[in-house]
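S.K.: below are the sequence and a predicted model; questions follow.
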Amino acid sequence: MSYRAEGITRVRLAPLALDVAGGQAVSPPGAVEVTWNSTQEGCWHQVYVNGCLAGVTARASDRRLVVSAPVGRDGPAGALAVEVVAVDAADRWTDFAGQLAGFPEAGGMQVRLSWQAGEYLDPNLESFDVFGDDRTGAVDYAAALNEAPVPARPGGQAPWGYGAGGYGVGGYGRSAARYEWTTGTLEPGSWRFAVVAVDAAGNRLETAAEASVIVAPVPRPPSDFRVGSYSPEDRVATLTWEPSPDV
């Protein structure tokens, strides 16, 4: 039993109705319409709201679902975190809530490192290792972050050749090769990474390429969403809200 999140993009939600009484804060909706794009063909889709299974599509082709918003002791939730996953027919009603990554309050992001080859790509080059500083400011070269070496020749094939970079694009010959590696989810803060080339004998080059990046936390949602004014004649509503303090 498993679920898949690959290929699911543009997840959007909207209230089914909007109170336009004017000047009054809008209450959190009791139900929302969730829409999304998905390249997962022949699969059903589950929608999770605030970490709970909220609904399952009726057909494999559906990309829209109306679900209830969580209601607790204090009423409807003021903020909704929505996840959409694809499942096979046999797992339509299997609850995967305990396995989902969720939306932690201080959750970070993944960082994708990419680098271009150079003259260090000699015939003895075997792989690359990636190192980090664990937000200390000094890279720790004692243990690589990558569980397996990043191969210099993916699939046994050299990713370079004369003119491989194309005219005016990237390098020429060996310098045209590009590599990349993606971290796991990182906590917010300043991170420093380094990439080191390794030869066939397991020797690392003395020099390393280092780079820094700042990982921002997932922003808090906007608040105090309200209808500022409404014109019944024109059927036009003016909406106001307090922006997220993090953006």
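M.R.: Nice, I can see it.

S.K.: check contacts around Gln129.
M.R.: To be clear, residue 129 is Asp; Gln isn't right here. Contact analysis of Asp129 by CB atoms under 8 Å, 6 or more residues apart in numbering lists Ala144, Asn146, Pro149, Val150, Val195, Val196, Val198, Arg204. Every C-beta, even on glycine, is put in place using the N, C-alpha and C of the backbone.

S.K.: now the second one. Nearest residue, chain neighbours left out?
M.R.: In this case it means Asn146. Val130 (4.9 Å; CB to CB, 6 or more residues apart in numbering).

S.K.: what secondary structure does that neighbour sit in?
M.R.: The local conformation at Val130, judged by DSSP: H, G, I helix; E, B strand; the rest coil, is strand.

S.K.: same question for Gln40.
M.R.: coil.

S.K.: quick one: contacts for the nearest residue to it once chain neighbours are set aside?
M.R.: Excluding the flanking residues, the one nearest Gln40 by CB to CB, 6+ apart is Ala86, at 3.7 Å. Neighbouring residues of Ala86 by CB under 8 Å, 6+ apart: Tyr3, Arg4, Ala5, Gly7, Ile8, Ser38, Gln40, Cys43, Trp44, His45, Gln46.

S.K.: of the contacts of Asp129, select the buried ones using a PyMOL command.
M.R.: Filtering the contacts of Asp129 down to the buried ones (16 or more other CB atoms under 10 Å) takes a single PyMOL command:
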select buried, resi 144+146+150+195+196+198
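
S.K.: domain parsing for this protein?
M.R.: The record's domain parsing of the chain by automatic domain parsing lists 8-105, 112-215.

S.K.: select the longest strand from the chain.
M.R.: strand 189-199 (DSSP state E).

S.K.: and it, C-alpha only, in CSV?
M.R.: Taking C-alpha atoms only, strand 189-199 is exported to CSV below (Å, rounded to 0.1, in the frame of the first residue of the first chain):
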residue,chain,number,x,y,z
GLY,A,189,18.4,29.4,8.7
SER,A,190,21.7,29.9,6.9
TRP,A,191,23.4,26.8,5.5
ARG,A,192,26.8,26.3,3.8
PHE,A,193,27.5,23.4,1.4
ALA,A,194,30.6,22.1,-0.4
VAL,A,195,31.1,19.7,-3.3
VAL,A,196,34.3,17.7,-3.6
ALA,A,197,35.5,15.6,-6.6
VAL,A,198,36.7,12.0,-5.9
ASP,A,199,38.9,9.9,-8.1
